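**Student:** kindly generate the corresponding structure for this input.
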Amino acid sequence: MNASTSLLSVENLTMQFGGLRAIEDLSMTARAGEVTSVIGPNGAGKTTFFNCLTGFYKPTKGAITLGHPRHGKLRLDAMKNVDVARIGQVVRTFQNIRLFPRMTVLENLMIAQHNVLQDASRFSLAGALNARSFRRANDKAIDNALTWLERLSVRDIANKPAGDMPYGVQRRVEIARAMCADPILLCLDEPAAGLNPRESAELTALLTSLAREQGIGILLIEHDMSVVMKVSDHIVVLNHGKKIAEGLPADIKVNPEVISAYLGEDDETSSHGEASQEKSAHA
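**Tutor:** As a prediction, the model looks like this:
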């Protein structure tokens, strides 16, 4: 898929839990080769949106359409049960690191390729017989895993337990694992959480390169505004489940409604209408 190609279209998405509307009438788009950030205060509906997109929730109303280079347009709406996430190669990470701590880093990346290996094993028959087709698929999966570990500068820890690694390194391993699944849309839920300034800067550079060089779309939920403003091509702002603004980082930063609802302002910046550093909040 070419960079800047329309990849994701969300139309009038609503997610209701009893009398609570966690998302209300949300429409937005994301493009291949770009980073689209979804920001907002606590309870804004950001993680609920990710859960709808990746198949954890079925939306109450509305539709999600993914433009896939091989399968064409895949559409999930409230009336159909289409596994857009699996067929469409939508991959996500979570706020809390979900590596298998006692497995090696390499084994964690192999697990991300279980669908390919399962198909090659013909549901364990070829694997049990050590068939040539399965050995080829397994070797290819190992090469893919090692390539991504190299790309993210963590190949030297391939055979070490994932749980023994520092927090920032585990975050990189998580992204490497996600990339092993060959996503066309990568959804990252607070990847900068717990990172120091150097690690956050490295993450910014990494996400930009992944979007540009791999041509994938990246959807980012993030509370670190220094990361959001540097890495984003487009920003969508939610508040109480509703979209209150979207646009370029420079426009979002000075948007009065966004400042009032989320970014805040201090004495130094209020006279210029500049957004201050984000208030501490978690989705």
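
**Student:** all contacts plus neighbour counts: C-alpha atoms, from now on.
**Tutor:** Fine.

**Student:** count the neighbours of Gln16 for me.
**Tutor:** Residues lying near Gln16 (other CA atoms under 10 Å) number 14.

**Student:** what's the helix or strand containing it packed up against?
**Tutor:** Using DSSP states H and E, Gln16 maps to strand 6-17. In terms of contacts (3 or more CA pairs under 8 Å, 6 or more residues apart in numbering; DSSP states H and E), strand 6-17 is packed against strand 20-31, strand 61-68.

**Student:** tell me which stretches of this structure form helices.
**Tutor:** Using DSSP state H, the helices of the chain run over 46-53, 84-87, 105-111, 114-120, 125-128, 132-151, 167-180, 197-214, 225-231, 249-253, 256-258, 267-270.

**Student:** compute the inter-axis angle for the strand holding Gln16 and strand 61-68.
**Tutor:** 150 degrees (axes from the mean of the first three to the mean of the last three CA atoms, to 10 degrees).

**Student:** contact partners of strand 6-17?
**Tutor:** Outside strand 6-17, the residues that touch it by CA atoms under 8 Å, 6 or more residues apart in numbering are 21-32, 48, 52, 58-68, 185, 217.

**Student:** are any of those residues buried, and which?
**Tutor:** Among these, those buried by neighbour count (16 or more other CA atoms under 10 Å) are 21-27, 29-32, 48, 52, 58-68, 185, 217.

**Student:** is it true that Glu222 touches Cys187?
**Tutor:** No. Shown here, Glu222 and Cys187 do not form a contact pair, counting by CA atoms under 8 Å, at 10.9 Å.

**Student:** what residues are up against the closest residue to Glu11 other than its chain neighbours?
**Tutor:** In this structure, Glu11 finds its nearest non-sequential neighbour in Ser27, 4.5 Å apart by CA to CA, 6 or more residues apart in numbering. Going by CA under 8 Å, 6+ apart, Ser27 touches Ser9, Val10, Glu11, Asn12, Leu13, Lys243.

**Student:** at 7 Å instead, please
**Tutor:** Val10, Glu11, Asn12, Leu13 (CA atoms under 7 Å, 6 or more residues apart in numbering).

**Student:** tell me the bridge partners for the second one.
**Tutor:** Going by DSSP bridges, Glu11 is paired in beta bridges with Ala63.

**Student:** quick one: contacts for Leu146?
**Tutor:** With CA under 7 Å, 6+ apart, Leu146 has these contacts: Arg155.

**Student:** look up how far Leu238 lies from it.
**Tutor:** Leu146 is 38 Å from Leu238, where distance means CA to CA, to the nearest Å.
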